[in-house]
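Q: build me a model from this:
(chains A and B)
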2 protein chains.
Amino acid sequence: MEKRWYVGADVGGTTIKLGIFDTQANDFCKKWEIPTNTENNGESIVSDLVFSIKETCSDIGISYNEICGIGIDVPGPVNDEGFVYECVNLGWKEVDLYTELKALSGISNIVIGNDANVAALGEMWRGDLGGCDSVVMVTLGTAVGGGVIINGKIHSGSKGAGGEIGHMTVNPDEPDSCGCGMHGCLEQYSSATGIARLARQMMNLDKDSKITAKDIADAAKAGDKEAGKVFDTAMKYLGIALSNVANVVDPQAFIIGGGVSKAGTMITDAVSTYYNMYSMKSLQGRKFFLAKLGNDAGIYGCIKLVLENKQ
Amino acid sequence: MEKRWYVGADVGGTTIKLGIFDTQANDFCKKWEIPTNTENNGESIVSDLVFSIKETCSDIGISYNEICGIGIDVPGPVNDEGFVYECVNLGWKEVDLYTELKALSGISNIVIGNDANVAALGEMWRGDLGGCDSVVMVTLGTAVGGGVIINGKIHSGSKGAGGEIGHMTVNPDEPDSCGCGMHGCLEQYSSATGIARLARQMMNLDKDSKITAKDIADAAKAGDKEAGKVFDTAMKYLGIALSNVANVVDPQAFIIGGGVSKAGTMITDAVSTYYNMYSMKSLQGRKFFLAKLGNDAGIYGCIKLVLENKQ
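A: The predicted structure is shown next:
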């Protein structure tokens, strides 16, 4: 059988993004998404996904039997055997995803990764990193996600928690608690919600204020001093955290993604300035790239995962 | 030729520790050391080392021609090709150590690593880690060194600065500067010199006070409250830093070495308590081991390096 068609599936708490990749064309021939059904602890997610792949194959005239592999990512820690420890947003506790997906799909060439790690892999493969293959990606969205790629491979760690950059402690004295239960995590300062939280505190806004990270970035860009201070504080904590990341793995470059990164080079300029300010000489001058693939980073990363799998 | 004899060379700023390893006996048959001559930018270090190996082979009745590989470590960043970027303590700027050592020794099977990384490898191989092969070692001596081992291999990073844990920023507001020129590095709190510095500050001692980290550890163990607070502060910063390390690479275990680690389980108990206090749930409960090999960790690591080399 010609090894031509592969499926990528980026499983999120709201939608599952899917794509059928054609190795001849070296790109997706079809991309689509389905809602994530988190009812009953997300028990139908895997079967919904398989059903939708079969249906789409039929729609676009590909035989399902010609699908020769599935790459899939989930929003939680997963080990190299495809065992998922927990995905709060999917309602999953421990799930042996590899075994379940193999049984339901009839496909054995399956590789499973954590969403942030896989997005980093996608950006490395199809983003614009000038050939760097040892990179750390940080995703500034509702939360702060992270992915560590070493020599072109995801580093997922001993229990799948590698790259959990959002929960590095950057301020042990923080009185407010993070979603994870700890205090002073990077996520409390540099995520979209963290920037809004900082703004409410530093600008003495009402605690119900609807101010957003985008409002702050826009106002800071327009020269507003108060907003500038909030933005700078968020970038300072991010710069310190990424400097500390570099002290551990010394990557060639960093990639900044997620909604907050839409502010563009204003973000990479600020974070790289603080990064260099807090980095020892031998770690200074690393490259900072903006993510290029947006919501498609996950499905590209899933394809890269499964294409590299040595069955 | 029977592949039996290998040389390990742990090059420090004061002495070079050497050993001839016998793969039949699976241990060193000879260990010795020579002074490090740092005069003229350390230009005689490599030739001194080769001369001493030849002399020792002759002394113990091994033909030098039967040495089938050299593993060597240096106190500075080095890349996978054996190019050394800088070793302040040796007087070296950029040195192509692989090429120089190969030319002078006539041996081409040479592997070169950074001292802290190689010590971590030695502890992984011959320490007492219950089979863990993804570990981070931190060495609390005059400085704070670090080594990152992932799946049994050293992770040296894109420019050899992987594992520079001592220069993670743990307190951006620190007014005093670290030896590296930055402010608030882990080394300023948790190295032997850092603990003494903290003691002088927190106990209001004269700035010329000769108090040592050992004095503090001994007094804290004996129940002295002031010393206990100093010791706790040092361990708190170390716990936070290692928690942040775990957020990046999620190792199975940590190894604590260096002079300060002679305080024993008092160190591992304190650092693991703070580590867990500042770690998200999925990173809690990692193992903390005391280093076992002392000053021999380097030469064991050097042998492990060269034995694994695929020529």
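Q: residue A:261: neighbour count?
A: Residues lying near residue A:261 (other Cβ atoms under 10 Å in any protein chain shown) number 22. (Each C-beta comes from the backbone N, C-alpha and C, glycine too.)
Q: per-residue pLDDT, it?
A: With respect to pLDDT, residue A:261 has a value of 95.
Q: do residue A:162 as well
A: Residue A:162 is assigned 89 on the pLDDT scale.
Q: next, it: secondary structure please.
A: coil (DSSP: H, G, I helix; E, B strand; the rest coil).
Q: that one: what's it in contact with?
A: A:117, A:148, A:155, A:156, B:248, B:249, B:250 (Cβ atoms under 8 Å, 6 or more residues apart in numbering or on different chains).
Q: quick check, central residue of chain A?
A: Nearest residue to the geometric centre of chain A (Cα atoms, centre = their mean): residue A:116, 2.6 Å.
Q: ok so it is a strand residue?
A: No. Residue A:116 is assigned helix when assessed by three-state DSSP, not a strand.
Q: residues touching it, list them.
A: Contacts of residue A:116 by Cβ under 8 Å, 6+ apart are A:137, A:139, A:145, A:146, A:147, A:163.
Q: returning to what we had before: neighbour count for the contacts of residue A:162 - can I get that in JSON lines?
A: JSON lines is the format used below for the contacts of residue A:162 (neighbours: other Cβ atoms under 10 Å in any protein chain shown):
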{"residue": "A:117", "neighbour count": "28"}
{"residue": "A:148", "neighbour count": "28"}
{"residue": "A:155", "neighbour count": "23"}
{"residue": "A:156", "neighbour count": "22"}
{"residue": "B:248", "neighbour count": "28"}
{"residue": "B:249", "neighbour count": "27"}
{"residue": "B:250", "neighbour count": "25"}
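Q: so which of these belong to strands?
A: residue A:148 (DSSP state E).
Q: among the contacts of residue A:162, name the ones in helices.
A: With DSSP state H as the criterion, helices contain A:117, B:248, B:249 from among these.
Q: tell me the mean pLDDT over stretch A:179-191?
A: Stretch A:179-191 shows a mean pLDDT of 94.
Q: is it true that residue A:50 touches residue A:100?
A: No. Residue A:50 lies out of contact with residue A:100 (Cβ atoms under 8 Å); the separation is 9.8 Å.
Q: between these two, which is the more surrounded one?
A: Higher neighbour count among residue A:50 and residue A:100: residue A:50, with 21 against 17, using other Cβ under 10 Å.
Q: which other helices and strands contact the helix or strand harbouring the more buried one?
A: Following DSSP states H and E, the helix or strand that holds residue A:50 is helix A:45-60. Packing partners of helix A:45-60 (3 or more Cβ pairs under 8 Å, 6 or more residues apart in numbering or on different chains; DSSP states H and E): strand A:5-11, strand A:15-22, strand A:27-35, strand A:67-74, helix A:97-105.
Q: could you give the mean pLDDT of it?
A: Averaged over helix A:45-60, pLDDT sits at 98.
Q: can you map out the helices along the stretch 151-300 of chain A?
A: With DSSP state H, counting those that start in this stretch applied, the stretch 151-300 of chain A shows helices at A:187-190, A:192-202, A:213-221, A:225-249, A:265-277, A:297-307, listed in chain order.
Q: of all those helices, which lies closest to chain B?
A: helix A:225-249 (4.5 Å; Cβ to the nearest Cβ).
Q: contact residues of the stretch 101-250 of chain A facing chain B?
A: Contact residues (Cβ under 8 Å from any Cβ of the partner chain) of the stretch 101-250 of chain A with chain B: A:134, A:136, A:146, A:148, A:150, A:155-165, A:167-169, A:172, A:180-182, A:185, A:236, A:240-241, A:243-250.
Q: and with 6 Å instead?
A: Within the stretch 101-250 of chain A, the positions near chain B by Cβ under 6 Å from any Cβ of the partner chain are A:134, A:157-158, A:161-162, A:164, A:167-169, A:172, A:180, A:182, A:240, A:244-245, A:247-250.
Q: quick check: the residue of the stretch 201-311 of chain A nearest chain B.
A: Per Cβ to the nearest Cβ, residue A:250 is where the stretch 201-311 of chain A lies closest to chain B, at 2.4 Å.
Q: mind checking pLDDT for the closest residue to that residue other than its chain neighbours?
A: On the basis of Cβ to Cβ, 6 or more residues apart in numbering or on different chains, the spatially nearest residue to residue A:250 that is not a chain neighbour turns out to be residue B:157, at 2.4 Å. With respect to pLDDT, residue B:157 scores 91.
Q: likewise for residue A:143?
A: In the predicted model, residue A:143 carries a pLDDT score of 89.
Q: what is the burial count for it?
A: 23.
Q: so what's it up against?
A: Residues near residue A:143 by Cβ atoms under 6 Å, 6 or more residues apart in numbering or on different chains: A:166, A:187, A:191.
Q: wait, which of those residues is closest to residue B:308?
A: Closest approach between the contacts of residue A:143 and residue B:308, by Cβ to Cβ: residue A:166, at 35.0 Å.
Q: count of neighbours near that closest one?
A: 27.
Q: now the stretch 1-150 of chain A against chain B: closest residue?
A: Closest contact between the stretch 1-150 of chain A and chain B, by Cβ to the nearest Cβ, is at residue A:134 (5.2 Å).
Q: contacting residues around that residue?
A: Counting by Cβ under 6 Å, 6+ apart, residue A:134 has contacts A:150, A:151, A:251, A:252, B:158.
Q: same check, this time on residue A:263
A: Applying Cβ under 6 Å, 6+ apart to residue A:263 gives the contacts residue A:217.
Q: quick check: the gap between it and residue A:255.
A: Separation of residue A:263 from residue A:255 (Cβ to Cβ, to the nearest Å): 15 Å.
Q: tell me which two in the contacts of residue A:116 are the farthest apart.
A: That would be A:139 and A:163, which, of those, are the farthest apart (Cβ to Cβ) at 10.1 Å.
Q: any idea of the pLDDT on residue A:13?
A: For residue A:13, the pLDDT comes out at 89.
Q: how deep is it tucked in, by neighbour count?
A: Residue A:13: 16 surrounding residues under other Cβ under 10 Å.
Q: what do you get for residue A:290?
A: Applying other Cβ under 10 Å, we find 17 residues neighbouring residue A:290.
Q: please name the bridge partners of it.
A: As for beta bridges, residue A:290 partners with residue A:256 under DSSP bridges.
Q: go on, residue A:8?
A: residue A:19, residue A:71.
Q: got the contact list for it?
A: A:19, A:71, A:299, A:302, A:303.
Q: max pairwise distance over these: which two?
A: Greatest spatial distance among these (Cβ to Cβ): A:19 and A:71, at 9.6 Å.
Q: and the two? Which one has more around it.
A: Comparing residue A:19 with residue A:71 by neighbour count (other Cβ under 10 Å), the higher total belongs to residue A:71, at 31 against 24.
Q: do you know how far the more buried one is from residue A:115?
A: Distance from residue A:71 to residue A:115, by Cβ to Cβ: 12 Å.
Q: near the closest residue to residue A:189 other than its chain neighbours, how many other residues are there?
A: Closest residue in space to residue A:189, ignoring its immediate chain neighbours: residue A:237 at 4.2 Å, by Cβ to Cβ, 6+ apart. With neighbours defined by other Cβ under 10 Å, the count for residue A:237 comes to 26.
Q: so what's residue A:237 up against?
A: By Cβ under 6 Å, 6+ apart, residue A:237 lies in contact with A:170, A:189, A:190.
Q: also residue A:111?
A: By Cβ under 6 Å, 6+ apart, the contact set of residue A:111 is A:71, A:305, A:306, A:309.
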